[in-house]
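*Asks:* Sequence plus predicted model, see below.
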Amino acid sequence: MHAAAPTHVPRPGFLARRRRSYLLFVAPALVVVGAVIIFPWAFTVWMSAFDWKIGSVAHFVGFDNYTQLATNKRFLESILHTFYFTLLAVIFPLILGTIAALIFHREFPLRGMLRSIFTMPMMATPVAVALVWTMMFHPQQGVLNYLLSLVGLPPSLWVYSPTWVIPSLVLVEIWHWTPLIMLIVLGGLAALPTEPYESARLDGASEWQLFRYITLPLLAPFLIVAAVIRTIDALKAFDTIYVISQGGPGTASETINLYLYLQAFAFYNVGNASAVVVVFFVIILALALLLLHVREKAKWT
């Protein structure tokens with residue numbers, strides 16, 4: 001029998017030099033991450049412990065900014081507005097985008113051209129979209145009330161009504177981002193296997209049964225990805241809401257982002273705004289963990 005070849009053991013000096021070479025490559029990335037992410041976040045947390053308005057001396061107040069937020073009715077209402085807006089801005093594009101994907105997945109004349117037209121809204125910038133919809137929402141001159149009059153419905157105040165302002169803003173989100181959901185679901189439909197459908201049709205399954213028991217379960221992971229993307233985008237929505245309603249009428253459409261903007265750049269209350277950022281980050285982190293948990297529960301096939 002041949003003796004086993006001796007295993008080469010690297011010298012300690014070689015390992016130390018190799019470790020230093022790794023650090024030379026990693027160090028620039030660590031510096032960038034620290035300067036762009038870690039330092040601003042740590043500085044924000046530090047500022048949230050001060051009663052600090054621009055132009056005045058900062059005073060350390062500890063957790064007072066957070067306790068004030070807990071009893072601030074306007075801030076608590078902004079949280080409810082944010083959740084209400086996000087819920088509607090996720091559910092409706094998800095449903096309509098899935099229906100559009102099922103339609104465009106089938107073969108019919110001019111399908112490619114119609115699909116391209118359907119995806120055009122998502123290519124527009126949010127501010128341009130907001131300006132166009134602002135004119136459409138006008139109670140007297142807007143085209144939406146004219147369309148309502150054609151079918152015999154009474155005019156609406158749209159974004160000028162405290163009751164309808166958030167649903168009206170969601171209407172803009174639906175028009176703008178339903179094509180994105182459609183593209184995600186179309187990708188999922190293209191990846192589905194054909195064997196389950198062939199077997200089910202041989203057993204006499206209807207189209208609804210095919211969708212309910214085969215298509216929908218297989219599409220679940222793609223729908224969850226689409227929901228995660230829309231949730232993140234809706235939570236941080238600012239430009240469309242600010243251009244169309246500025247948080248009004250009154251504070252009826254003031255989300256956390258608009259409340260934060262006003263505290264920081266209108267009232268120059270840096271300490272309070274920093275506390276809002278920290279609270280908003282905790283809310284987003286909790287929602288992200290929940291969505292990731294749901295995504296992990298979905299079965300990828």
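*Replies:* Received the coordinates, thanks.
*Asks:* neighbours around His293, how many?
*Replies:* The local packing of His293 (other Cβ atoms under 10 Å) involves 9 other residues. Backbone N, C-alpha and C define where each C-beta goes, glycine included.
*Asks:* quick one: low-confidence ranges for the stretch 151-300 of the chain?
*Replies:* Along the stretch 151-300 of the chain, the model assigns pLDDT under 70 to residues 298-300.
*Asks:* what residues go with each domain of this structure?
*Replies:* 12-47, 71-297 (automatic domain parsing).
*Asks:* Do a quick rundown of the strands in the stretch 51-200 of the chain.
*Replies:* Per DSSP state E, counting those that start in this stretch, the stretch 51-200 of the chain carries strands over the ranges 59-60.
*Asks:* all helices of it, in order?
*Replies:* 64-70, 73-104, 111-118, 126-136, 143-150, 165-191, 195-202 (DSSP state H, counting those that start in this stretch).
*Asks:* export those to TSV and tack on mean neighbour count?
*Replies:* Below are the helices of the stretch 51-200 of the chain laid out as TSV (neighbours: other Cβ atoms under 10 Å):
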stretch	mean neighbour count
helix 64-70	16
helix 73-104	18
helix 111-118	12
helix 126-136	16
helix 143-150	13
helix 165-191	21
helix 195-202	12
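*Asks:* For my notes, please list those helices in TSV and give distance to Leu235 for each entry.
*Replies:* Putting the helices of the stretch 51-200 of the chain into TSV (distance: least, Cβ to Cβ, whole Å) gives the following:
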stretch	distance to Leu235
helix 64-70	18
helix 73-104	6
helix 111-118	25
helix 126-136	15
helix 143-150	26
helix 165-191	12
helix 195-202	36
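*Asks:* returning to that earlier point: mind checking the domains of the chain for the one nearest to Ile54?
*Replies:* Relative to Ile54, the nearest member of the domains of the chain by Cβ to Cβ is domain 71-297, separated by 4.0 Å.
*Asks:* burial count for the nearest residue to Trp158 once chain neighbours are set aside?
*Replies:* Excluding its sequence neighbours, the residue lying closest to Trp158 (Cβ to Cβ, 6 or more residues apart in numbering) is Phe137, at 4.1 Å. Around Phe137 sit 25 other residues, with neighbours defined as other Cβ under 10 Å.
*Asks:* wait, isn't Phe137 in contact with Ser245?
*Replies:* No: using Cβ atoms under 8 Å, Phe137 and Ser245 do not qualify as a contacting pair, with a distance of 9.1 Å.
*Asks:* Return every residue with contacts to both of these two.
*Replies:* Residues touching both Phe137 and Ser245 (Cβ atoms under 8 Å, 6 or more residues apart in numbering) are Val159.
*Asks:* So what does Asn269 have for phi and psi?
*Replies:* When read as degrees, to the nearest 10, the backbone of Asn269 gives phi -90, psi 80.
*Asks:* measure the residue lying closest to it once chain neighbours are set aside to Ala286 for me?
*Replies:* With Cβ to Cβ, 6+ apart as the criterion, Asn269 has its nearest non-adjacent residue at 4.9 Å, and that residue is Gln263. Per Cβ to Cβ, to the nearest Å, Gln263 is found 22 Å from Ala286.
*Asks:* Neighbour count: the two, which is higher?
*Replies:* Gln263 (20 against 10).
*Asks:* Could I get the contacting residues of the more buried one?
*Replies:* Neighbours of Gln263 in contact, by Cβ under 8 Å, 6+ apart: Asn269, Asn272, Ala273, Val276.
*Asks:* Of those, which is the nearest to Ala226?
*Replies:* Nearest to Ala226 among these, with distances taken as Cβ to Cβ, is Val276, at 28.7 Å.
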